[in-house]
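> All I have is the shape, not the residue letters:
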């Protein structure tokens, strides 16, 4: 990873390219992010930078975190994330990372927390088929059916697809195109959809497959 930034998903809209073609985009308020901590191989065993996004009231920060921010002489932040970059020599504690770190035409990976959908059945969660509703299938048309064998193995295998909690998990969408960057307003327009609801925190970084 060469660069990354924390942002907030604003929502989806559309823009037009030079030829008048419509491009569906997701607008992300990217940064400004401040470098809160710098980790090195000598001290921590690996190279990384910890960046913060979104101002937080001092009275809402725990004492350990308040000391952490004070050590770096940085104002308290709502969101902290660690980026393991290939080269951190150019970054120091207190430096700002802004939206202009990315440019239109680049490919990026976006990581966020998907929308939570609560407890769902097997049809919505795993795309199971319905049972026949013709002769005597009873009130179980949307049920999961048999969960396993009889006396052997006398248990249900781990990882069996069943009803349960759907969504609210970390999801990464890869190889998305940066359609436009508005550096003055800290906005990045990314072609296509990204995980999470409007207002959700996302991480934008250079694509590993580009």
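The structure has been received and is ready for your questions. Everything numeric here is computed off the predicted structure, so don't read it as measured data.

> those strands in this structure, which residues are they?
For the chain, the strands defined by DSSP state E occupy 4-16, 22-30, 33-39, 48-55, 77-83, 96-97, 107-113, 118-120, 164-166, 170-182, 187-191, 201-206.

> what angle do the lengthiest helix in the chain and strand 48-55 make?
Scanning the chain for the helix with the most residues, using DSSP state H, yields helix 63-71. Using axes from the mean of the first three to the mean of the last three Cα atoms, to 10 degrees, the inter-axis angle of helix 63-71 relative to strand 48-55 is 100 degrees.

> buried set for helix 63-71?
Judged by neighbour count using 16 or more other Cβ atoms under 10 Å, the buried positions of helix 63-71 are 68, 69. C-beta coordinates here come from the backbone N, C-alpha and C atoms, glycine included.

> can you check stretch 157-175 too?
By 16+ other Cβ under 10 Å, the buried positions in stretch 157-175 come out as 163, 166, 171, 173.

> ok, residue 28 - how many residues close by?
Neighbour count of residue 28, defined by other Cβ atoms under 10 Å: 27.

> Quick check: bridge partners of it?
Going by DSSP bridges, residue 28 is paired in beta bridges with residue 9, residue 188.

> likewise the one 5 residues further on?
Counting by DSSP bridges, residue 33 forms beta bridges with residue 97.

> list the contacts for it?
By Cβ atoms under 8 Å, 6 or more residues apart in numbering, the contact set of residue 33 is 5, 6, 51, 52, 53, 96, 97, 98.

> could the strands of the chain be laid out in JSON lines, adding mean pLDDT and distance to residue 89?
Shown next, in JSON lines, are the strands of the chain (pLDDT from 0 to 100; distance: least, Cβ to Cβ, whole Å):
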{"stretch": "strand 4-16", "mean pLDDT": "95", "distance to residue 89": "16"}
{"stretch": "strand 22-30", "mean pLDDT": "95", "distance to residue 89": "23"}
{"stretch": "strand 33-39", "mean pLDDT": "92", "distance to residue 89": "10"}
{"stretch": "strand 48-55", "mean pLDDT": "92", "distance to residue 89": "11"}
{"stretch": "strand 77-83", "mean pLDDT": "93", "distance to residue 89": "14"}
{"stretch": "strand 96-97", "mean pLDDT": "91", "distance to residue 89": "15"}
{"stretch": "strand 107-113", "mean pLDDT": "96", "distance to residue 89": "23"}
{"stretch": "strand 118-120", "mean pLDDT": "97", "distance to residue 89": "46"}
{"stretch": "strand 164-166", "mean pLDDT": "97", "distance to residue 89": "43"}
{"stretch": "strand 170-182", "mean pLDDT": "95", "distance to residue 89": "25"}
{"stretch": "strand 187-191", "mean pLDDT": "96", "distance to residue 89": "25"}
{"stretch": "strand 201-206", "mean pLDDT": "95", "distance to residue 89": "17"}
